[in-house]
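**Student:** Dropping a prediction and its sequence here:
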Amino acid sequence: MAYTRKDVSTLTRGERRRFVKALLEIKRRGEYDEFVRTHIEFYTSDGEKGLRTAHMAPSFLPWHRQFLLELERALRRVDSSVTVPYWDWTKNRRATSVPWTDDLLGGTGRRSDRRVTTGPFAYAEGNWILRENLTDEEFLTRDLGRPRDPIELPTGGDLEWALNDPVYDTSPWDSTSRKGFRNKLEGWGSGRGSSSWRNHNRVHRWVGGAMVGGASVNDPVFWMVHSFIDLQWTRWQRRHGARYLPARPPAPGHPQRGRVVARHQKLPPWDVTPDQLEDVSRIYRYA
Ligand code: CU
Ligand code: CU
(Lines give C-alpha, C1' and ligand atoms only; values in the text may rest on other atoms or scores of the structure.)
(Ligands and ions follow the chains in the order given, each with its own letter.)
Protein backbone atom coordinates (compact mmCIF):
# COMPACT_ATOMS: atom_id res chain seq x y z
CA MET A 1 0.00 0.00 0.00
CA ALA A 2 1.29 3.41 -0.95
CA TYR A 3 1.83 5.79 1.92
CA THR A 4 1.05 9.50 1.93
CA ARG A 5 3.27 12.54 2.16
CA LYS A 6 1.39 15.42 3.72
CA ASP A 7 1.54 19.19 3.75
CA VAL A 8 3.50 19.92 6.92
CA SER A 9 0.89 22.51 7.96
CA THR A 10 -1.70 19.72 8.26
CA LEU A 11 0.29 17.42 10.57
CA THR A 12 -1.29 16.72 13.92
CA ARG A 13 0.66 17.34 17.10
CA GLY A 14 1.42 13.64 17.36
CA GLU A 15 2.58 13.45 13.74
CA ARG A 16 4.92 16.38 14.27
CA ARG A 17 6.35 14.76 17.38
CA ARG A 18 6.92 11.40 15.67
CA PHE A 19 8.59 13.01 12.65
CA VAL A 20 11.02 14.97 14.85
CA LYS A 21 11.68 11.95 17.04
CA ALA A 22 12.53 9.74 14.07
CA LEU A 23 14.92 12.37 12.69
CA LEU A 24 16.71 12.66 16.03
CA GLU A 25 16.97 8.88 16.25
CA ILE A 26 18.63 8.42 12.84
CA LYS A 27 20.93 11.30 13.72
CA ARG A 28 21.85 9.51 16.95
CA ARG A 29 22.58 6.32 15.00
CA GLY A 30 24.93 8.17 12.64
CA GLU A 31 22.71 7.44 9.62
CA TYR A 32 21.75 11.07 9.12
CA ASP A 33 25.34 12.22 8.69
CA GLU A 34 25.77 9.73 5.86
CA PHE A 35 23.06 11.59 3.97
CA VAL A 36 24.89 14.87 4.54
CA ARG A 37 28.12 13.27 3.30
CA THR A 38 26.46 11.86 0.17
CA HIS A 39 24.99 15.24 -0.73
CA ILE A 40 28.36 16.96 -0.30
CA GLU A 41 30.01 14.27 -2.41
CA PHE A 42 27.52 14.64 -5.27
CA TYR A 43 27.57 18.42 -5.32
CA THR A 44 29.29 18.70 -8.72
CA SER A 45 28.63 21.87 -10.70
CA ASP A 46 28.86 22.86 -14.36
CA GLY A 47 32.37 24.19 -13.97
CA GLU A 48 33.76 20.91 -12.68
CA LYS A 49 34.70 17.84 -14.68
CA GLY A 50 32.85 14.55 -14.74
CA LEU A 51 29.29 13.36 -14.40
CA ARG A 52 26.76 15.70 -12.79
CA THR A 53 23.89 13.88 -11.14
CA ALA A 54 22.33 15.87 -8.31
CA HIS A 55 22.46 19.50 -9.45
CA MET A 56 22.73 21.58 -12.62
CA ALA A 57 21.67 18.53 -14.57
CA PRO A 58 18.53 16.75 -15.86
CA SER A 59 18.74 14.19 -13.07
CA PHE A 60 18.26 16.89 -10.39
CA LEU A 61 14.69 15.60 -9.92
CA PRO A 62 15.21 11.80 -9.94
CA TRP A 63 18.41 12.12 -7.88
CA HIS A 64 16.64 13.97 -5.09
CA ARG A 65 13.61 11.68 -5.43
CA GLN A 66 15.78 8.65 -4.70
CA PHE A 67 17.65 10.54 -1.97
CA LEU A 68 14.33 11.33 -0.25
CA LEU A 69 13.19 7.73 -0.58
CA GLU A 70 16.37 6.55 1.15
CA LEU A 71 15.89 9.04 4.00
CA GLU A 72 12.24 8.11 4.28
CA ARG A 73 13.19 4.42 4.52
CA ALA A 74 15.59 5.23 7.34
CA LEU A 75 12.88 7.19 9.17
CA ARG A 76 10.30 4.43 8.64
CA ARG A 77 12.66 1.83 10.07
CA VAL A 78 12.43 3.86 13.28
CA ASP A 79 8.70 4.59 13.06
CA SER A 80 6.67 3.13 10.20
CA SER A 81 4.01 5.85 10.53
CA VAL A 82 6.45 8.59 9.49
CA THR A 83 6.69 10.05 5.98
CA VAL A 84 8.50 13.16 4.75
CA PRO A 85 6.09 16.11 4.84
CA TYR A 86 6.33 18.93 2.33
CA TRP A 87 6.56 22.64 2.96
CA ASP A 88 4.40 24.67 0.58
CA TRP A 89 6.19 28.02 0.67
CA THR A 90 3.61 29.55 -1.66
CA LYS A 91 1.19 29.37 1.31
CA ASN A 92 3.34 29.36 4.48
CA ARG A 93 5.51 32.35 3.74
CA ARG A 94 6.54 33.90 7.03
CA ALA A 95 9.59 33.28 9.19
CA THR A 96 7.20 32.33 11.99
CA SER A 97 4.89 30.10 9.90
CA VAL A 98 5.02 26.32 9.80
CA PRO A 99 7.57 24.64 9.72
CA TRP A 100 9.46 27.19 11.85
CA THR A 101 7.65 26.38 15.08
CA ASP A 102 9.15 25.11 18.32
CA ASP A 103 7.52 21.69 17.95
CA LEU A 104 8.90 21.19 14.43
CA LEU A 105 12.08 22.75 13.10
CA GLY A 106 12.50 25.75 15.41
CA GLY A 107 13.00 29.28 14.13
CA THR A 108 15.58 31.51 12.54
CA GLY A 109 19.13 31.97 13.84
CA ARG A 110 20.18 34.59 16.36
CA ARG A 111 21.60 37.82 15.01
CA SER A 112 25.25 37.48 16.01
CA ASP A 113 26.16 34.14 14.40
CA ARG A 114 22.85 32.90 12.92
CA ARG A 115 22.82 29.98 15.35
CA VAL A 116 19.40 28.33 15.72
CA THR A 117 18.49 28.50 19.41
CA THR A 118 14.87 27.30 19.43
CA GLY A 119 13.21 23.96 18.76
CA PRO A 120 14.55 20.39 18.79
CA PHE A 121 17.51 21.12 16.47
CA ALA A 122 18.98 23.93 18.58
CA TYR A 123 22.63 23.27 19.45
CA ALA A 124 22.05 23.58 23.19
CA GLU A 125 19.60 20.67 23.10
CA GLY A 126 22.62 18.49 22.34
CA ASN A 127 20.86 16.30 19.74
CA TRP A 128 21.87 18.07 16.54
CA ILE A 129 25.64 18.53 16.37
CA LEU A 130 26.84 19.05 12.78
CA ARG A 131 29.56 16.50 12.09
CA GLU A 132 29.69 16.71 8.31
CA ASN A 133 30.09 20.27 7.16
CA LEU A 134 32.04 22.50 4.80
CA THR A 135 33.09 24.68 7.72
CA ASP A 136 34.00 23.90 11.33
CA GLU A 137 30.61 25.09 12.55
CA GLU A 138 28.95 22.48 14.73
CA PHE A 139 25.66 24.30 15.19
CA LEU A 140 22.77 24.68 12.76
CA THR A 141 22.44 28.16 11.25
CA ARG A 142 19.56 29.99 9.54
CA ASP A 143 18.79 33.48 8.38
CA LEU A 144 15.14 33.25 7.37
CA GLY A 145 14.29 35.88 4.78
CA ARG A 146 17.73 37.52 5.22
CA PRO A 147 16.42 40.63 7.06
CA ARG A 148 19.63 42.57 6.40
CA ASP A 149 19.37 41.92 2.64
CA PRO A 150 15.77 40.79 2.21
CA ILE A 151 14.81 38.11 -0.28
CA GLU A 152 11.25 36.90 -0.94
CA LEU A 153 10.19 33.29 -1.19
CA PRO A 154 9.18 32.25 -4.69
CA THR A 155 5.45 32.54 -5.41
CA GLY A 156 2.81 30.31 -6.92
CA GLY A 157 3.30 32.29 -10.12
CA ASP A 158 6.98 31.33 -10.17
CA LEU A 159 6.02 27.67 -9.87
CA GLU A 160 3.46 28.04 -12.68
CA TRP A 161 6.14 29.49 -14.93
CA ALA A 162 8.13 26.25 -14.47
CA LEU A 163 5.14 23.90 -14.56
CA ASN A 164 3.90 25.41 -17.81
CA ASP A 165 6.99 24.42 -19.75
CA PRO A 166 6.02 21.24 -21.64
CA VAL A 167 9.62 20.08 -22.18
CA TYR A 168 11.42 18.34 -19.32
CA ASP A 169 14.90 19.70 -20.04
CA THR A 170 16.93 20.99 -22.98
CA SER A 171 20.50 21.13 -24.20
CA PRO A 172 23.02 22.13 -22.89
CA TRP A 173 21.45 20.21 -19.94
CA ASP A 174 23.06 22.39 -17.30
CA SER A 175 22.48 25.55 -15.26
CA THR A 176 22.38 27.67 -18.43
CA SER A 177 19.45 25.86 -20.07
CA ARG A 178 16.99 28.68 -20.74
CA LYS A 179 14.04 26.43 -21.43
CA GLY A 180 12.79 23.26 -19.83
CA PHE A 181 10.89 22.47 -16.66
CA ARG A 182 13.92 21.12 -14.79
CA ASN A 183 16.09 24.23 -14.81
CA LYS A 184 13.14 26.56 -14.29
CA LEU A 185 12.28 24.56 -11.19
CA GLU A 186 15.87 24.03 -9.99
CA GLY A 187 16.21 27.77 -10.44
CA TRP A 188 19.43 28.80 -12.12
CA GLY A 189 18.54 32.05 -13.83
CA SER A 190 20.42 34.69 -15.69
CA GLY A 191 21.07 38.10 -14.23
CA ARG A 192 22.77 39.19 -11.06
CA GLY A 193 22.00 39.08 -7.37
CA SER A 194 18.91 37.54 -5.90
CA SER A 195 16.83 38.00 -9.08
CA SER A 196 18.87 35.16 -10.59
CA TRP A 197 17.69 32.69 -7.94
CA ARG A 198 14.43 31.04 -8.87
CA ASN A 199 12.11 28.51 -7.25
CA HIS A 200 14.19 25.75 -5.55
CA ASN A 201 17.41 27.78 -5.41
CA ARG A 202 15.60 30.81 -4.06
CA VAL A 203 14.12 28.76 -1.20
CA HIS A 204 17.60 27.58 -0.20
CA ARG A 205 18.72 31.25 -0.19
CA TRP A 206 15.68 32.41 1.75
CA VAL A 207 16.38 29.91 4.55
CA GLY A 208 20.07 30.88 4.46
CA GLY A 209 22.76 29.60 6.84
CA ALA A 210 23.35 25.86 6.51
CA MET A 211 20.87 25.64 3.61
CA VAL A 212 23.25 27.50 1.30
CA GLY A 213 25.69 25.09 -0.31
CA GLY A 214 26.55 21.40 -0.39
CA ALA A 215 25.99 20.72 3.31
CA SER A 216 22.37 21.94 3.17
CA VAL A 217 21.14 18.52 4.33
CA ASN A 218 22.25 19.58 7.82
CA ASP A 219 19.03 21.57 8.05
CA PRO A 220 16.14 19.10 8.23
CA VAL A 221 14.01 21.58 6.25
CA PHE A 222 16.00 20.29 3.26
CA TRP A 223 13.68 17.26 3.11
CA MET A 224 10.49 19.33 3.28
CA VAL A 225 11.77 21.59 0.51
CA HIS A 226 12.64 18.65 -1.70
CA SER A 227 9.40 16.88 -0.94
CA PHE A 228 7.55 19.92 -2.33
CA ILE A 229 9.92 20.07 -5.33
CA ASP A 230 9.26 16.36 -5.92
CA LEU A 231 5.51 17.04 -5.83
CA GLN A 232 5.98 19.59 -8.64
CA TRP A 233 7.52 16.90 -10.83
CA THR A 234 4.42 14.75 -10.27
CA ARG A 235 2.18 17.73 -11.12
CA TRP A 236 4.19 18.49 -14.25
CA GLN A 237 3.91 14.86 -15.44
CA ARG A 238 0.17 14.94 -14.90
CA ARG A 239 -0.19 18.21 -16.77
CA HIS A 240 1.90 17.37 -19.82
CA GLY A 241 2.12 13.57 -19.90
CA ALA A 242 5.74 14.08 -20.89
CA ARG A 243 8.92 12.26 -19.97
CA TYR A 244 12.42 12.70 -18.66
CA LEU A 245 15.04 13.94 -21.12
CA PRO A 246 17.59 13.28 -22.51
CA ALA A 247 16.19 9.98 -23.76
CA ARG A 248 19.66 9.00 -24.96
CA PRO A 249 23.17 10.08 -23.98
CA PRO A 250 24.49 13.13 -25.86
CA ALA A 251 26.28 12.19 -29.12
CA PRO A 252 30.05 11.58 -29.21
CA GLY A 253 31.80 14.94 -29.33
CA HIS A 254 28.93 16.78 -27.58
CA PRO A 255 30.39 18.73 -24.63
CA GLN A 256 27.80 17.16 -22.30
CA ARG A 257 28.68 13.58 -23.24
CA GLY A 258 29.54 11.69 -20.07
CA ARG A 259 28.38 14.61 -17.98
CA VAL A 260 24.63 13.95 -17.71
CA VAL A 261 22.48 10.88 -17.04
CA ALA A 262 20.13 9.82 -19.86
CA ARG A 263 16.75 8.22 -19.17
CA HIS A 264 17.95 4.61 -19.15
CA GLN A 265 21.35 5.14 -17.57
CA LYS A 266 22.24 4.37 -13.97
CA LEU A 267 21.99 7.27 -11.57
CA PRO A 268 24.92 7.11 -9.12
CA PRO A 269 25.28 6.26 -6.31
CA TRP A 270 22.25 4.01 -6.84
CA ASP A 271 21.39 1.09 -9.05
CA VAL A 272 18.37 2.85 -10.54
CA THR A 273 17.61 4.84 -13.71
CA PRO A 274 15.59 8.07 -14.12
CA ASP A 275 13.07 6.05 -16.12
CA GLN A 276 12.49 3.72 -13.15
CA LEU A 277 11.86 6.71 -10.89
CA GLU A 278 9.27 8.42 -13.08
CA ASP A 279 6.35 6.55 -11.55
CA VAL A 280 6.48 6.11 -7.80
CA SER A 281 2.72 5.93 -7.26
CA ARG A 282 3.04 2.41 -5.83
CA ILE A 283 5.39 3.70 -3.13
CA TYR A 284 3.90 7.03 -2.07
CA ARG A 285 1.51 9.74 -3.08
CA TYR A 286 0.93 13.34 -2.08
CA ALA A 287 -2.02 14.62 -0.12
CU1 CU B 1 20.66 18.86 -3.51
CU1 CU C 1 17.91 21.68 -2.85
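**Tutor:** It's in. Ligands and ions are numbered 1, 2, ... in the order given.
**Student:** Let's check: the centremost residue of the chain is which one?
**Tutor:** residue 226 (3.1 Å; CA atoms, centre = their mean).
**Student:** hang on, it in a strand?
**Tutor:** No - according to DSSP: H, G, I helix; E, B strand; the rest coil, residue 226 belongs to no strand; its state is helix.
**Student:** so what's the backbone phi/psi at the closest residue to it other than its chain neighbours?
**Tutor:** Once flanking residues are discounted, residue 226 sits nearest to residue 64: 4.9 Å by CB to CB, 6 or more residues apart in numbering. Placement of C-beta: from N, CA and C, glycine included. Per-residue torsions, residue 64: phi -70, psi -30 (degrees, to the nearest 10).
**Student:** Residue 64 is in contact with residue 228, isn't it?
**Tutor:** No - counting by CB atoms under 8 Å, residue 64 does not reach residue 228; the two are 11.1 Å apart.
**Student:** pretty sure residue 2 is touching residue 287, no?
**Tutor:** No - under the criterion of CB under 8 Å, residue 2 is not in contact with residue 287, lying 11.1 Å apart.
**Student:** Burial check on the closest residue to residue 247 other than its chain neighbours, number of neighbours?
**Tutor:** Of all residues not flanking residue 247 in the chain, residue 263 sits nearest, at 5.1 Å (CB to CB, 6+ apart). If you count neighbours by other CB atoms under 10 Å, residue 263 ends up with 20.
**Student:** can you check residue 18 too?
**Tutor:** Neighbours of residue 18 (other CB under 10 Å): 17.
**Student:** who's in contact with it?
**Tutor:** Going by CB atoms under 8 Å, 6 or more residues apart in numbering, residue 18 touches 79, 81, 82.
**Student:** let's see 6 Å
**Tutor:** Contacts of residue 18 were listed using CB atoms under 6 Å, 6 or more residues apart in numbering, and they are 79, 82.
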